[in-house]
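Colleague: would you be able to build a 3D model of this:
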Amino acid sequence: MIYKNTRFSKTLNVLVGALVFALGTGVGTFYLQDTLILKILFNYYAHWAGVLIALPVIMGVIQRLMRIVYPLFSTLIGTLISAFVLYPLYGSRFWAEPPELVNLLIYIVIVFGIGFLSSQPLKATFLSAFRLKRSSAPSKPNAKAAPKKIDGSRTQRVYSRPASTDRSAIALIELSVGLISLALSIFSIFFLGAG
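Modeller: Numbers count the residues shown, from 1 in each chain. Model (predicted):
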């Protein structure tokens, strides 16, 4: 998505990304729940895999293609919109027993985590996350770095923390959230598919 580097355009970019994510996951979930096409063609496991994994992954990839500025915010807002629109529909139309608030929270965590992880370039996320261990280890002084004069009377080598450490820590958190969401979705698929 083309945008100018202004606060308004970035906000608009995030809101458009959230709307696209909410429409994709909401309409897709509504269609799958209303028709039960995956359940009819395959089984309940395929149905829940479509709702909890396939739809968030597809919408995350679409966000990446749209070049959303802050996919964290747009994915979170889109997930909340779709969850709070679908929650009354699940209670009144799809299920014989209305879902509890815990079901809603699990849905939000799963869809948000998987959608956000798939909106990131996975190669960069994995490489940054696994670079954290290597970059957090104390590094040897650079032989080419010249000592810096501090007060004129003595010299001292000044070392700074690598700039990539912060990005690596964020990438590790992103990867952890995505993997936890994936594990939770797999557990939920087996739990819901068996019922």
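Colleague: quick one: low-confidence residue ranges for this protein.
Modeller: 1-4, 91-98, 122-168, 170-171, 174, 192-195 (pLDDT under 70).
Colleague: would you map the helices across it?
Modeller: Per DSSP state H, the chain carries helices over the ranges 7-35, 37-41, 44-49, 55-66, 71-89, 101-118, 122-136, 164-194.
Colleague: mind putting the ones you listed in a markdown table, mean neighbour count included?
Modeller: C-beta here means a position set from N, CA and C on the backbone, and glycine is covered the same way. Written out in a markdown table, the entries for the helices of the chain read as follows (neighbours: other CB atoms under 10 Å):
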| stretch | mean neighbour count |
| --- | --- |
| helix 7-35 | 18 |
| helix 37-41 | 13 |
| helix 44-49 | 19 |
| helix 55-66 | 20 |
| helix 71-89 | 20 |
| helix 101-118 | 20 |
| helix 122-136 | 14 |
| helix 164-194 | 16 |
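Colleague: wait, residue 73 sits on residue 18?
Modeller: Yes: under the criterion of CB atoms under 8 Å, residue 73 lies in contact with residue 18, with a separation of 7.4 Å.
Colleague: who's in contact with residue 28?
Modeller: The neighbourhood of residue 28, defined by CB atoms under 8 Å, 6 or more residues apart in numbering, consists of 50-51, 55, 58-59.
Colleague: ok, so of these, who is nearest residue 185?
Modeller: Top of the list for closeness to residue 185, among these and by CB to CB, is residue 51 at 9.3 Å.
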